[in-house]
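[1] next input, structure requested:
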Amino acid sequence: MAINRKIQTLDEFTIQQMRDFPKATGELSGLLRDIGLAAKRVHVEVNKAGLVDILGDAGTMNVQGEEVKKLDVFANNQFMGVLQHGISCAGVGSEEMDDIVVFDDEVSNKSKYVCLFDPLDGSSNIDVNVSIGTIFSVFRRVSELGKPATREDFLQPGTNQVAAGYVIYGSSTMLVYATRRGVNGFTLDQSIGEFTLSHPDIKCPDKGKIYSVNHGNFFQYDEKVKQYITACQKKDKSTGGPYTQRYIGSMVADVHRNLIKGGIFMYPGTTDKPKGKLRLLYECNPFAFIVEKAGGKATNGDIRILDVQPTELHQRTPLFIGSKLMMEELESYTHATQ
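    Now for the predicted structure:
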């Protein structure tokens with residue numbers, strides 16, 4: 001049987017990237033491969049979620065005051081485990097944990113990177129078989145190498161990220177990650193058990209016809225945001241429309257679709273939650289980094305998401321993210337003087 005050498009696995013791709021940079025140490029590549037391993041383990045459990053006792057609630061609350069799903073706990077343990085037992089990560093922060101976890105051992109203290117992640121985004125959809133995902137972010141440490149990582153390593157603005165990505169567990173399982181060189185997507189080939197390059201050099205279309213927002217909160221949004229949403233609803237052929245409203249309730253699925261097809265995702269602040277609901281470090285920063293590297297834009301309604309200086313691990317923020325021209329049209333409303 002002939003071997004298709006056009007197939008490139010995640011491992012091969014990251015090694016090739018190292019060959020292009022002779023001074024690279026391989027730590028970042030190793031960390032990405034560790035994340036890929038954990039994602040495969042979560043993929044297996046997601047695929048049999050209806051057959052075993054991992055659906056439903058674990059009976060505990062996370063730091064956000066939300067009920068923790070059993071599969072959330074499993075996913076968190078998998079990512080924690082592979083990163084702790086690898087050689088490329090000095091510590092982690094998870095949406096499911098109150099505080100950072102520092103890997104205080106000789107090898108980890110010499111590692112250059114820390115990782116933040118949401119182990120299972122959209123977990124409220126687990127029981128109804130809707131796409132869910134993992135989101136991750138990688139920073140280079142600012143603390144002294146050879147010593148344990150510190151909170152300052154995690155509380156960096158998103159513009160300092162060296163890599164970010166997500167895994168979507170849907171009709172197929174796909175890992176998308178971005179570095180400063182660009183964005184690439186890998187689909188899990190179950191016949192060989194490897195993530196293979198399927199979407200090289202992803203670019204977000206400058207414009208799309210999809211807008212994603214929770215219409216159930218419409219009357220709690222700022223007036224300028226409501227004006228833009230209304231404008232989206234009124235689009236026709238003469239104004240670049242008609243637009244289609246698509247909102248899954250799983251951020252990974254919504255942003256992934258808009259990244260590939262073009263569109264805008266909005267999670268504004270509301271009258272009862274003016275600071276928004278999404279987490280800056282675990283959700284917004286990673287996606288802002290990915291979408292910007294693909295040619296899109298991301299803001300909190302006032303400034304670029306990646307310029308926000310975090311002050312706490314579980315800080316929340318409004319988010320507007322998507323195709324460049326659609327974001328600029330939104331800003332013509334949100335930045336209007338009247």
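
[2] any stretches of the chain with poor pLDDT?
    Along the chain, the model assigns pLDDT under 70 to residues 1-5, 22-24, 49-69, 337-338.

[3] now the helices for it?
    10-19, 27-47, 70-84, 106-109, 151-154, 223-234, 251-261, 285-293, 324-334 (DSSP state H).

[4] tell me which other helices or strands the third one touches.
    The elements that helix 70-84 packs onto, with contact taken as 3 or more C-beta pairs under 8 Å, 6 or more residues apart in numbering; DSSP states H and E, are helix 27-47, strand 57-61, strand 89-94, strand 113-121, strand 132-140. (Each C-beta comes from the backbone N, C-alpha and C, glycine too.)

[5] can I get those in CSV including mean neighbour count and distance to Thr311?
    As requested, the helices and strands packed on helix 70-84 are exported to CSV (neighbours: other C-beta atoms under 10 Å; distance: least, C-beta to C-beta, whole Å):
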stretch, mean neighbour count, distance to Thr311
helix 27-47, 20, 26
strand 57-61, 12, 23
strand 89-94, 24, 14
strand 113-121, 27, 15
strand 132-140, 26, 16
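
[6] take these and write them to JSON lines, including distance to Ile192.
    Below are those laid out as JSON lines (distance: least, C-beta to C-beta, whole Å):
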{"stretch": "helix 27-47", "distance to Ile192": "11"}
{"stretch": "strand 57-61", "distance to Ile192": "33"}
{"stretch": "strand 89-94", "distance to Ile192": "26"}
{"stretch": "strand 113-121", "distance to Ile192": "25"}
{"stretch": "strand 132-140", "distance to Ile192": "21"}
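
[7] what is the burial count for Ile100?
    18 (other C-beta atoms under 10 Å).

[8] most centrally placed residue in the protein?
    In the chain, the residue lying closest to the centroid (C-alpha atoms, centre = their mean) is Ile135, at 3.6 Å.

[9] so it touches Leu281, yeah?
    No: in this structure, Ile135 is not within contact of Leu281 by C-beta atoms under 8 Å, at 10.1 Å.

[10] looking at the helices of the chain, which is buried most?
    helix 285-293 (a mean of 26; mean count of other C-beta atoms under 10 Å).

[11] against which helices or strands is it packed?
    Using 3+ C-beta pairs under 8 Å, 6+ apart, helix 285-293 sits against strand 132-140, strand 161-169, strand 173-179, strand 182-189, helix 251-261, strand 297-299, strand 319-322.

[12] so it versus strand 132-140, what angle?
    80 degrees (axes from the mean of the first three to the mean of the last three C-alpha atoms, to 10 degrees).

[13] tilt between helix 285-293 and strand 161-169?
    100 degrees.

[14] between helix 285-293 and strand 173-179, how many degrees?
    70 degrees.

[15] and helix 285-293, how far out from the chain's middle?
    8 Å (C-alpha atoms, centre = their mean, to the nearest Å).

[16] ok, stretch 28-48 next?
    The answer for stretch 28-48 is 14 Å, by C-alpha atoms, centre = their mean.

[17] equivalent analysis for stretch 275-292, please.
    For stretch 275-292, the distance to the chain centre is 7 Å (C-alpha atoms, centre = their mean).
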